[in-house]
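Chemist: Could you look at this predicted model? Sequence included:
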Amino acid sequence: MKELIRRAAEDLAAAGNVAALTGAGISVESGIPPFRGKGGLWERFDPMEFAHIDALMRDPVKVWKILVKKMKEPLDRAKPNDGHKGLAKLEAQGKLKTIITQNMDGLHQAAGNTDVIEYHGTFAWQRCMDCHKKYETRKVDISEIPPRCECGGILRPDIIFFDELIPAEAMWRSRQAATDCDLMLVVGTSAVVQPAAMIPVIAKDSGAKIVEINPERTPLTNKISDYLIMGGAGEVLNGIVAALEKI
Ligand SMILES: [Zn+2]
(Lines give C-alpha, C1' and ligand atoms only; values in the text may rest on other atoms or scores of the structure.)
Protein backbone atom coordinates (compact mmCIF):
# COMPACT_ATOMS: atom_id res chain seq x y z
CA MET A 1 0.00 0.00 0.00
CA LYS A 2 2.90 2.37 0.83
CA GLU A 3 4.16 2.31 -2.74
CA LEU A 4 0.72 3.20 -4.10
CA ILE A 5 0.27 5.97 -1.54
CA ARG A 6 3.53 7.52 -2.72
CA ARG A 7 2.45 7.14 -6.32
CA ALA A 8 -0.86 8.90 -5.55
CA ALA A 9 0.97 11.74 -3.79
CA GLU A 10 3.24 12.17 -6.82
CA ASP A 11 0.26 12.11 -9.18
CA LEU A 12 -1.52 14.70 -7.02
CA ALA A 13 1.58 16.88 -6.94
CA ALA A 14 1.68 16.82 -10.75
CA ALA A 15 -2.05 17.45 -11.20
CA GLY A 16 -3.41 20.94 -11.67
CA ASN A 17 -7.08 20.26 -11.15
CA VAL A 18 -8.30 17.51 -8.83
CA ALA A 19 -11.86 16.39 -8.20
CA ALA A 20 -13.17 13.68 -5.89
CA LEU A 21 -16.18 11.41 -6.11
CA THR A 22 -17.23 10.04 -2.73
CA GLY A 23 -19.82 7.58 -1.49
CA ALA A 24 -21.09 5.78 1.60
CA GLY A 25 -17.71 4.14 2.29
CA ILE A 26 -16.17 7.41 3.43
CA SER A 27 -18.88 8.00 6.04
CA VAL A 28 -19.02 4.51 7.52
CA GLU A 29 -16.23 5.41 9.96
CA SER A 30 -18.44 8.28 11.16
CA GLY A 31 -21.17 5.81 12.08
CA ILE A 32 -23.43 6.50 9.10
CA PRO A 33 -24.96 3.24 7.93
CA PRO A 34 -24.73 2.56 4.20
CA PHE A 35 -27.93 1.99 2.23
CA ARG A 36 -26.69 -0.63 -0.16
CA GLY A 37 -24.60 -3.77 0.15
CA LYS A 38 -23.86 -5.97 3.13
CA GLY A 39 -25.30 -4.61 6.36
CA GLY A 40 -26.98 -1.80 4.43
CA LEU A 41 -30.36 -0.37 5.30
CA TRP A 42 -31.93 -1.85 2.18
CA GLU A 43 -31.22 -5.34 3.45
CA ARG A 44 -33.74 -4.74 6.20
CA PHE A 45 -36.04 -2.12 4.72
CA ASP A 46 -37.68 -2.14 1.33
CA PRO A 47 -36.61 1.14 -0.29
CA MET A 48 -39.90 1.29 -2.19
CA GLU A 49 -41.69 1.41 1.15
CA PHE A 50 -39.44 3.97 2.81
CA ALA A 51 -37.40 5.86 0.27
CA HIS A 52 -39.87 6.39 -2.52
CA ILE A 53 -41.47 9.79 -2.81
CA ASP A 54 -44.92 8.13 -3.11
CA ALA A 55 -44.35 6.41 0.23
CA LEU A 56 -43.66 9.74 1.91
CA MET A 57 -46.78 11.26 0.37
CA ARG A 58 -48.91 8.26 1.30
CA ASP A 59 -47.72 7.72 4.86
CA PRO A 60 -45.46 10.51 6.15
CA VAL A 61 -45.63 9.24 9.74
CA LYS A 62 -44.28 5.81 8.83
CA VAL A 63 -41.51 7.20 6.64
CA TRP A 64 -40.56 9.91 9.14
CA LYS A 65 -40.23 7.38 11.96
CA ILE A 66 -37.56 5.59 9.92
CA LEU A 67 -35.94 8.85 8.84
CA VAL A 68 -35.52 9.92 12.47
CA LYS A 69 -34.11 6.58 13.56
CA LYS A 70 -31.93 5.77 10.59
CA MET A 71 -30.89 9.22 9.40
CA LYS A 72 -31.54 12.07 11.80
CA GLU A 73 -30.17 10.38 14.92
CA PRO A 74 -26.95 8.99 13.35
CA LEU A 75 -26.39 12.26 11.48
CA ASP A 76 -26.89 14.39 14.60
CA ARG A 77 -24.12 12.40 16.27
CA ALA A 78 -21.78 12.09 13.28
CA LYS A 79 -18.52 13.97 13.02
CA PRO A 80 -16.13 14.11 10.06
CA ASN A 81 -13.55 11.30 10.20
CA ASP A 82 -9.99 11.14 8.87
CA GLY A 83 -11.33 10.47 5.35
CA HIS A 84 -13.32 13.72 5.27
CA LYS A 85 -10.49 15.57 7.02
CA GLY A 86 -7.98 14.22 4.50
CA LEU A 87 -10.00 15.62 1.61
CA ALA A 88 -10.33 18.94 3.45
CA LYS A 89 -6.54 19.03 3.84
CA LEU A 90 -6.12 18.36 0.13
CA GLU A 91 -8.30 21.41 -0.55
CA ALA A 92 -6.28 23.47 1.95
CA GLN A 93 -3.10 22.34 0.17
CA GLY A 94 -4.54 23.85 -2.99
CA LYS A 95 -4.97 20.48 -4.69
CA LEU A 96 -8.59 19.44 -4.48
CA LYS A 97 -11.16 21.73 -6.05
CA THR A 98 -14.51 20.00 -6.09
CA ILE A 99 -16.10 17.06 -4.31
CA ILE A 100 -19.00 15.28 -5.92
CA THR A 101 -20.68 13.21 -3.24
CA GLN A 102 -23.47 10.68 -3.22
CA ASN A 103 -23.74 11.13 0.55
CA MET A 104 -26.41 13.25 2.18
CA ASP A 105 -24.73 13.75 5.56
CA GLY A 106 -23.08 17.16 5.11
CA LEU A 107 -19.80 15.83 6.58
CA HIS A 108 -17.58 17.14 3.77
CA GLN A 109 -18.73 20.69 4.51
CA ALA A 110 -18.33 20.06 8.24
CA ALA A 111 -14.71 19.01 7.56
CA GLY A 112 -14.08 22.27 5.72
CA ASN A 113 -14.46 21.56 2.00
CA THR A 114 -16.03 24.53 0.27
CA ASP A 115 -17.16 23.19 -3.10
CA VAL A 116 -19.32 20.12 -2.55
CA ILE A 117 -21.85 18.96 -5.12
CA GLU A 118 -24.46 16.87 -3.33
CA TYR A 119 -25.70 14.58 -6.01
CA HIS A 120 -28.48 13.08 -3.95
CA GLY A 121 -29.33 16.20 -1.97
CA THR A 122 -28.73 16.75 1.73
CA PHE A 123 -30.35 15.68 4.95
CA ALA A 124 -28.94 18.77 6.65
CA TRP A 125 -31.94 20.71 5.33
CA GLN A 126 -35.68 20.14 5.30
CA ARG A 127 -38.24 21.87 3.15
CA CYS A 128 -41.96 22.37 3.41
CA MET A 129 -43.94 20.34 0.89
CA ASP A 130 -46.50 23.18 0.65
CA CYS A 131 -44.67 26.53 0.75
CA HIS A 132 -41.07 25.23 0.17
CA LYS A 133 -39.65 27.13 3.15
CA LYS A 134 -36.34 25.59 4.24
CA TYR A 135 -35.29 24.60 7.75
CA GLU A 136 -31.98 23.39 9.11
CA THR A 137 -32.54 19.79 10.20
CA ARG A 138 -30.86 20.13 13.58
CA LYS A 139 -33.28 22.97 14.44
CA VAL A 140 -36.39 21.06 13.43
CA ASP A 141 -38.69 20.00 16.25
CA ILE A 142 -39.36 16.28 15.94
CA SER A 143 -41.35 15.87 19.14
CA GLU A 144 -44.28 15.32 16.80
CA ILE A 145 -44.00 13.23 13.67
CA PRO A 146 -44.13 14.27 10.89
CA PRO A 147 -42.46 17.62 11.60
CA ARG A 148 -44.34 20.58 10.18
CA CYS A 149 -43.64 24.00 8.75
CA GLU A 150 -45.06 27.10 10.41
CA CYS A 151 -47.65 27.10 7.59
CA GLY A 152 -48.80 23.60 8.66
CA GLY A 153 -47.28 21.80 5.69
CA ILE A 154 -45.29 18.61 6.20
CA LEU A 155 -41.50 18.88 6.07
CA ARG A 156 -39.47 16.62 3.86
CA PRO A 157 -35.70 16.21 3.74
CA ASP A 158 -33.93 17.96 0.91
CA ILE A 159 -32.77 14.60 -0.42
CA ILE A 160 -33.57 12.83 -3.64
CA PHE A 161 -36.10 10.09 -3.05
CA PHE A 162 -36.45 7.18 -5.43
CA ASP A 163 -37.98 8.29 -8.73
CA GLU A 164 -37.07 11.92 -8.14
CA LEU A 165 -34.70 13.64 -10.52
CA ILE A 166 -31.15 14.63 -9.66
CA PRO A 167 -31.16 18.44 -9.64
CA ALA A 168 -30.09 19.73 -13.05
CA GLU A 169 -27.42 21.98 -11.53
CA ALA A 170 -25.78 19.06 -9.68
CA MET A 171 -25.77 17.02 -12.91
CA TRP A 172 -24.34 19.84 -14.96
CA ARG A 173 -21.70 20.86 -12.42
CA SER A 174 -20.57 17.26 -11.85
CA ARG A 175 -20.10 16.71 -15.57
CA GLN A 176 -18.14 19.93 -15.76
CA ALA A 177 -15.92 18.99 -12.80
CA ALA A 178 -15.33 15.53 -14.31
CA THR A 179 -14.45 17.02 -17.69
CA ASP A 180 -12.15 19.70 -16.25
CA CYS A 181 -10.14 17.64 -13.73
CA ASP A 182 -6.88 15.95 -14.62
CA LEU A 183 -7.05 13.63 -11.62
CA MET A 184 -10.10 12.16 -9.95
CA LEU A 185 -10.06 10.45 -6.57
CA VAL A 186 -12.83 7.90 -6.20
CA VAL A 187 -13.28 7.32 -2.48
CA GLY A 188 -15.58 4.88 -0.70
CA THR A 189 -17.80 4.13 -3.64
CA SER A 190 -18.02 1.43 -6.26
CA ALA A 191 -19.88 3.95 -8.45
CA VAL A 192 -22.40 1.45 -9.71
CA VAL A 193 -25.49 3.57 -9.16
CA GLN A 194 -26.46 5.64 -12.15
CA PRO A 195 -26.16 8.44 -13.01
CA ALA A 196 -23.26 9.02 -10.57
CA ALA A 197 -21.56 5.97 -12.12
CA MET A 198 -20.96 8.00 -15.28
CA ILE A 199 -18.78 10.56 -13.51
CA PRO A 200 -15.49 8.60 -13.39
CA VAL A 201 -16.13 7.47 -16.96
CA ILE A 202 -16.52 11.08 -18.13
CA ALA A 203 -13.32 12.02 -16.27
CA LYS A 204 -11.43 9.09 -17.81
CA ASP A 205 -12.68 9.91 -21.31
CA SER A 206 -11.52 13.49 -20.80
CA GLY A 207 -8.00 12.27 -20.07
CA ALA A 208 -7.98 12.32 -16.26
CA LYS A 209 -6.16 9.82 -14.10
CA ILE A 210 -8.54 7.90 -11.85
CA VAL A 211 -7.20 6.93 -8.42
CA GLU A 212 -9.47 4.63 -6.49
CA ILE A 213 -9.48 4.32 -2.69
CA ASN A 214 -11.70 1.47 -1.58
CA PRO A 215 -11.49 -1.44 0.86
CA GLU A 216 -12.03 -3.93 -1.95
CA ARG A 217 -12.05 -4.25 -5.71
CA THR A 218 -15.02 -2.71 -7.50
CA PRO A 219 -16.35 -2.74 -11.07
CA LEU A 220 -14.14 0.32 -11.68
CA THR A 221 -10.94 -1.49 -10.74
CA ASN A 222 -8.63 -2.15 -13.70
CA LYS A 223 -11.25 -0.82 -16.09
CA ILE A 224 -11.77 2.83 -15.23
CA SER A 225 -9.31 3.26 -12.36
CA ASP A 226 -5.61 3.63 -13.11
CA TYR A 227 -4.96 1.94 -9.78
CA LEU A 228 -6.70 0.96 -6.58
CA ILE A 229 -5.31 1.76 -3.15
CA MET A 230 -6.97 -0.90 -1.07
CA GLY A 231 -7.86 0.30 2.40
CA GLY A 232 -10.05 2.52 4.54
CA ALA A 233 -10.52 6.11 3.36
CA GLY A 234 -9.13 7.67 6.55
CA GLU A 235 -5.97 5.58 6.68
CA VAL A 236 -5.17 5.99 2.98
CA LEU A 237 -5.92 9.73 2.81
CA ASN A 238 -3.84 10.39 5.93
CA GLY A 239 -0.96 8.65 4.18
CA ILE A 240 -1.42 10.60 0.96
CA VAL A 241 -1.61 13.97 2.72
CA ALA A 242 1.56 13.19 4.70
CA ALA A 243 3.41 12.01 1.57
CA LEU A 244 2.28 15.07 -0.39
CA GLU A 245 3.62 17.39 2.30
CA LYS A 246 7.07 15.89 1.79
CA ILE A 247 7.12 16.45 -1.97
ZN1 LIG B 1 -44.74 25.76 4.72
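Modeler: Okay, I see it.
Chemist: Give me the distance between residue 168 and residue 127.
Modeler: Using Cβ to Cβ, to the nearest Å, we find residue 168 at a distance of 17 Å from residue 127. For the C-beta atoms, the positions are set from N, CA and C on the backbone; glycine is no exception.
Chemist: who's more crowded, these two?
Modeler: A count of neighbours by other Cβ atoms under 10 Å puts residue 127 above the other of residue 168 and residue 127, at 17 against 8.
Chemist: can I assume the more buried one sits in a strand?
Modeler: Yes - according to DSSP: H, G, I helix; E, B strand; the rest coil, residue 127 belongs to a strand.
Chemist: That one against residue 137, yeah?
Modeler: No - Residue 127 is beyond contact range of residue 137, at 10.5 Å (criterion: Cβ atoms under 8 Å).
Chemist: ok, and what's touching the helix or strand hosting residue 12?
Modeler: Using DSSP states H and E, residue 12 sits within helix 2-14. By Cβ atoms under 8 Å, 6 or more residues apart in numbering, the surrounding residues in contact with helix 2-14 are 18, 90, 95, 183, 209, 211, 227-229, 236, 239-240, 243-244, 246-247.
Chemist: Return the list of strands paired to the next helix or strand after that helix, each annotated with direction.
Modeler: The first helix or strand that comes after helix 2-14 along the chain, using DSSP H and E, is strand 18-22. Strand 18-22 has the following strand partners under DSSP bridges: strand 96-101 (parallel), strand 183-187 (parallel).
Chemist: Distance from the chain centre to the first one, please.
Modeler: For strand 96-101, the distance between its averaged C-alpha position and the chain's averaged C-alpha position is 10 Å (Cα atoms, centre = their mean, to the nearest Å).
Chemist: quick one: buried residues of it?
Modeler: Buried residues in strand 96-101, counting neighbours by 16 or more other Cβ atoms under 10 Å, are found at 96, 97, 98, 99, 100, 101.
Chemist: which stretches of the protein aren't confidently modelled?
Modeler: Along the chain, the model assigns pLDDT under 70 to residues 36-39, 41-42.
Chemist: Spell out which parts of it neighbour the ion.
Modeler: Taking Cβ under 5 Å from the ion as the measure of proximity, the chain contacts the ion at 128, 130, 131, 133, 149, 151, 153.
Chemist: again, only this time at 8 Å
Modeler: 128, 129, 130, 131, 132, 133, 148, 149, 150, 151, 152, 153 (Cβ under 8 Å from the ion).
Chemist: Only the buried subset of these, as a ChimeraX command please.
Modeler: Entered in ChimeraX, the line below selects the buried ones among the residues of the chain next to the ion, by 16+ other Cβ under 10 Å:
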select :128,129,148,149,153
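Chemist: Tabulate the residues of the chain next to the ion (CSV), appending secondary structure.
Modeler: Output for the residues of the chain next to the ion, formatted as CSV (three-state DSSP):
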residue, secondary structure
128, strand
129, coil
130, coil
131, coil
132, coil
133, coil
148, strand
149, coil
150, coil
151, coil
152, coil
153, coil
